[in-house]
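In: Any chance you could fold what I've pasted below:
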Amino acid sequence: MNLKSPSEKKLTFAFFKSKFVRVGRLLTPLFLLGGALLPLAPSAEAQASFPRSGWRTVADLTESASLSRSFVELGAKKFASITEEGLRWAPSATNLYTVVYAPRARPTPVPDPRIAVEFQLPDINSSLGLHLHGATEDSPSHLILVSRNASGTGLLRAYRTPIWPSDSIEAVDLISPVTRLTDFPPDDWYRLTVTSRTEKKTGRTMLLVHLSTARKDHVIGSMEAVDPAPALPLSGLVALRFFASANGQIRVRQIQAHAQP
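Out: Predicted coordinates for the structure are as follows:
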């Protein structure tokens, strides 16, 4: 049996204590550095979220006079109304409706390269489209289309439409792969954000598209679309395209813009 005297025990304790203190001094800066860097590593959800700062409201559709003051209506406008939740369009028969951003009834270009719209799309066989960059009402535009196929699924597509705004959409005008939405609850509010960039060398336009939940900015679908044709003007007109079957409905709360891509 190896028994240590009290003096030996004190020496052993002092030896390990000195080692512990020395190692602690070496590790302390590392722990402090790790603590400082921790806030710089956001979660995956935070990385996917959209910053709220820097956005300006182009049109607030919860205001009673917002539709007549800020838009020109085309198509089945008799089914549109303004409520506390925003613009509500509910046709009694399958129909199409478009609103063009036009303060004082004059279609006005929006210069910002990033546009967002908050909406609700509860019904099957309905769609909401965001038209961008038509220089005039008879010029081409980009159309980002969100459609619902079933109660919890849908599609996200991008087109270069030959007519602005377009009544019909041809498959040959598709400029991106179709993105399938598999987690698309019908009762949620969503935020469609489109950022436009022009390549200086080629003149092509790239559209970066994100569809997220409006409340938590949880991304449920995204894609990149490249328009190989000559670039459309970034400072162009903005319109919303509504399509719904009989007794369906679509709601839109607001349109926002951001000056930075």
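In: C-alpha from now on. contacts and neighbour counts both.
Out: Noted.
In: Quickly note the distance from the most centrally placed residue in the chain to residue 90.
Out: The centroid of the chain falls nearest to residue 193 when counting by C-alpha atoms, centre = their mean (3.0 Å). As judged by C-alpha to C-alpha, to the nearest Å, residue 193 and residue 90 stand 24 Å apart.
In: got it, and residue 139?
Out: 29 Å.
In: Looking at the two now, which is surrounded by more residues?
Out: Neighbour count, other C-alpha atoms under 10 Å: between residue 139 and residue 90, residue 90 has more, with 24 against 15.
In: My guess is the more buried one contacts residue 252. True?
Out: No - here residue 90 does not reach residue 252: they are 11.9 Å apart, not a contact under C-alpha atoms under 8 Å.
In: Any idea how many residues pack against the closest residue to residue 72 other than its chain neighbours?
Out: Of all residues beyond its chain neighbours, the one nearest residue 72 is residue 100 (5.1 Å), with distances taken as C-alpha to C-alpha, 6 or more residues apart in numbering. Residue 100 has 23 neighbours, counted by other C-alpha under 10 Å.
In: Report the mean per-residue pLDDT for whatever helix or strand residue 100 lives in.
Out: Using DSSP states H and E, residue 100 sits in strand 95-101. Taken as a whole, strand 95-101 has an average pLDDT of 96.
In: now that strand: how far from the chain's centre is it?
Out: Centroid separation for strand 95-101 versus its chain: 20 Å, with C-alpha atoms, centre = their mean, to the nearest Å.
In: Which other helices and strands does it contact?
Out: strand 71-75, strand 237-244 (3 or more C-alpha pairs under 8 Å, 6 or more residues apart in numbering; DSSP states H and E).
In: coming back round to it: roughly how far apart are the residue nearest to residue 72 and residue 186?
Out: 25 Å.
In: what's the answer for residue 169, then?
Out: Taken as C-alpha to C-alpha, the span from residue 169 to residue 186 is 24 Å.
In: out of these two, which sits in the more crowded spot?
Out: Using other C-alpha under 10 Å as the criterion, residue 169 and residue 186 rank with residue 186 on top: 18 against 14.
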